[in-house]
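Trainee: No sequence on hand, only this structure:
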DNA sequence: TAAACGTGGTA
DNA sequence: TTACCAAGTTT
């Protein structure tokens, strides 16, 4: 594309954006804190999902300084259900980093922003262009789709190297004048017109420039080869009450899925079953708890309800519910977790998996 | 470089 | 039910 073509494309695209931009809460101003927060929340997450979380978050923590000091419990409650919980933890760490290392003022270039925890190449480009007017691309899934079509580019977006390749291709198109609007136009176009399955090419402001459209290959772009196969795992989920009606929850290990979050105690069936064994017994579960945590369970019973299924990006879990009781004075020294009252559970930030397990148990109780 | 990391929606 | 998609970063 020569300079005149690029100018025309930029003009057509920004005019389209001016007419069609979505009114989103984080577009009301260019406050870096809000731009940043929205970009983190939007990682791998759709606008509709983010909206209520964003509103609640900025109401609870209106400034960077508030975020830097927020208690972890409050933070997780605000993030509850959004997923990828390390995003929230990194958000707080980053806020502290900016308060101490940058005197509470955001760095203003993509290169500097990328040094902050939780901000990768995409988010750095997005913040730098939207909040600070730096003419850099923001290469996300939308950009892959839009520009692989525009250039009829067959680069495999499954590969890590694809991001830099597209950044190089896109950079000459980003206007010096309105780089943030240009990048946001890419996102809006990608979500409304240049969609994966049924792109509305006839309505697209870039259609006159689109090389894939010219060849009828828009559905073959972008090229993506990798597919993740989910590992199947079976778990036991134990609903353990004491005589005061409190329930025992377990804190998940610092590494791995749902790290640091609370769930009912979960036992991987693979850790319970020996070679030829097919059936798990209540006695065996109690023995496991004794051996692992020095805890004595009583009345371990299989709950006659449908197992809970939960699907992560790379895992497919099936969880069978059990109930049991335990002494309120049991020594939890060797157990990574604690008792929760009903009220305390409601205040705790819990992963959706745990919410599902609770719902299944509640539905059972209702029918008894 | 590839795998790990949540969740909700759609075909 | 399975598979894939959606404003990625970290290790």
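Mentor: Thanks, I have it. Keep in mind that what you see is a predicted model, and the values were worked out from it rather than measured. Residues are numbered from 1 along each chain as shown, chains lettered A, B, ... in the order given.
Trainee: Relative to residue A:246, how far out is the residue nearest to residue A:320 when sequence neighbours are not counted?
Mentor: Closest residue to residue A:320 apart from its sequence neighbours, by Cβ to Cβ, 6 or more residues apart in numbering: residue A:307 at 4.8 Å. Just so you know, the C-beta spots here come from the backbone N, C-alpha and C atoms, and that holds for glycine as well. Applying Cβ to Cβ, to the nearest Å, the value for residue A:307 to residue A:246 is 25 Å.
Trainee: between these two, who's got more neighbours?
Mentor: Remark: of residue A:307 and residue A:246, residue A:246 carries more neighbours, 18 against 15, as counted by other Cβ atoms under 10 Å.
Trainee: OK, contacts around the residue nearest to residue A:320?
Mentor: A:318, A:319, A:320, A:321 (Cβ atoms under 8 Å, 6 or more residues apart in numbering).
Trainee: distance of it from DNA strand B?
Mentor: In this view, residue A:307 and DNA strand B are 16 Å apart by Cβ to the nearest atom of the strand, to the nearest Å.
Trainee: Pull up the gap between that residue and residue A:130, please.
Mentor: Taking Cβ to Cβ as the measure, residue A:307 and residue A:130 are separated by 45 Å.
Trainee: Residue A:202 too?
Mentor: Going from residue A:202 to residue A:130 by Cβ to Cβ gives 29 Å.
Trainee: which one of these two has more residues nearby?
Mentor: residue A:130 (25 against 8).
Trainee: who touches the more buried one in this structure?
Mentor: Residue A:130 sits in contact with A:30, A:35, A:180, A:183, A:184, where contact means Cβ under 8 Å, 6+ apart.
Trainee: what do you get for residue A:170?
Mentor: Contact analysis of residue A:170 by Cβ under 8 Å, 6+ apart lists A:137, A:139, A:143, A:147.
Trainee: secondary structure class for the residue of chain A found nearest DNA strand B?
Mentor: In chain A, no residue comes nearer to DNA strand B than residue A:83, which is 2.7 Å away by Cβ to the nearest atom of the strand. Put simply, residue A:83 is coil when judged by DSSP: H, G, I helix; E, B strand; the rest coil.
Trainee: Looks like it contacts residue A:45 (just checking).
Mentor: Yes - between residue A:83 and residue A:45 there is a contact under Cβ atoms under 8 Å: 7.0 Å.
Trainee: Distance-wise, check residue A:28 relative to DNA strand C.
Mentor: As judged by Cβ to the nearest atom of the strand, residue A:28 and DNA strand C stand 12 Å apart.
Trainee: How many residues are close by residue A:135?
Mentor: Around residue A:135 sit 18 other residues, with neighbours defined as other Cβ under 10 Å.
Trainee: Show the contacting residues for the residue in chain A that DNA strand C sits nearest to.
Mentor: As assessed by Cβ to the nearest atom of the strand, DNA strand C sits closest to residue A:120 within chain A, at 2.4 Å. Shown in contact with residue A:120 (Cβ under 8 Å, 6+ apart): residue A:114.
Trainee: which among the contacts of residue A:170 gets closest to residue A:4?
Mentor: Distance to residue A:4 across those (Cβ to Cβ) is lowest for residue A:147, with 19.5 Å.
Trainee: Need the pLDDT of that closest one.
Mentor: As predicted, residue A:147 sits at a pLDDT of 97.
Trainee: What ranges does chain A have for its strands?
Mentor: Under the criterion DSSP state E, strands of chain A are mapped to A:231-241, A:247-251, A:262-263, A:266-268, A:298-302, A:308-311, A:315-325, A:337-340.
Trainee: from these, which stretch is densest packed?
Mentor: strand A:262-263 (a mean of 22; mean count of other Cβ atoms under 10 Å).
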